[in-house]
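Chemist: Fold the following and give me the result.
(2 chains)
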There are 2 protein chains.
Amino acid sequence: MTLVKVYVTYKRSILNPEAQAVHSALTRLGYNDINDVKLGKYFELTVADGKSKADLDQEINEICDKLLANYNMENYHYEIAETEAAQ
Amino acid sequence: MTLVKVYVTYKRSILNPEAQAVHSALTRLGYNDINDVKLGKYFELTVADGKSKADLDQEINEICDKLLANYNMENYHYEIAETEAAQ
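Modeler: Residues are numbered from 1 along each chain as shown, chains lettered A, B, ... in the order given. The predicted structure follows:
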């Protein structure tokens, strides 16, 4: 099995009120050295073995473009992590 | 500035309907080699310099325990990434 970690975050130009709420809550809790907070989605996809690296890259990009990330508002990047032993 | 990446995911025993919805959508789109989908939150905290590693670890753990992760349902882990040049 291959583990793919996908990170989806808002583009810089997009205002993220949720992240701002977290930032102001941290300030109220006294953590004044936090200068910025970004908030996004984190996916862990467990993929069956058998694909070449190129095919896997293509599939993950398709999945992100079609479903996991909104092209207009979000960026994504991913990491192909270690191969887990089949469970 | 120090960049801290925090990953918050549900504990194994917790059912995540959102992740299941993503998984069934992927199957409907024809991606049948995706065996499992986990979904969580991803934070990027930009922290002002000046703290020792130990102090930064303590602060991040406090922040996660108090605000970013729900102790009963979620796990968290974090990475202290490269120090960005001051912007």
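Chemist: Which strands or helices does the longest strand anywhere in chain A pack on?
Modeler: Across chain A, the longest stretch assigned as strand under DSSP state E is strand A:34-47. Using 3 or more C-beta pairs under 8 Å, 6 or more residues apart in numbering or on different chains; DSSP states H and E, the elements in contact with strand A:34-47 are strand A:2-10, helix A:17-28, helix A:53-63, strand B:2-10, strand B:34-47. From N, CA and C alone the C-beta is placed, and that goes for glycine too.
Chemist: Each with direction, which strands does the last one pair with?
Modeler: Its sheet considered, strand B:34-47 pairs with strand A:34-47 (antiparallel), strand B:2-10 (antiparallel) by DSSP bridges.
Chemist: what number of residues lie near residue A:28?
Modeler: 9 (other C-beta atoms under 10 Å in any protein chain shown).
Chemist: Check residue A:8 too.
Modeler: 19.
Chemist: One more: residue A:41?
Modeler: 19.
Chemist: Check residue A:42 too.
Modeler: 20.
Chemist: Kindly report the same for the one 10 residues further on.
Modeler: Using other C-beta under 10 Å, residue A:52 has 8 other residues around it.
Chemist: Check the one 5 residues further on too.
Modeler: For residue A:57, the count of nearby residues is 14 (other C-beta under 10 Å).
Chemist: What distance do you get for it to chain B?
Modeler: 14 Å (C-beta to the nearest C-beta, to the nearest Å).
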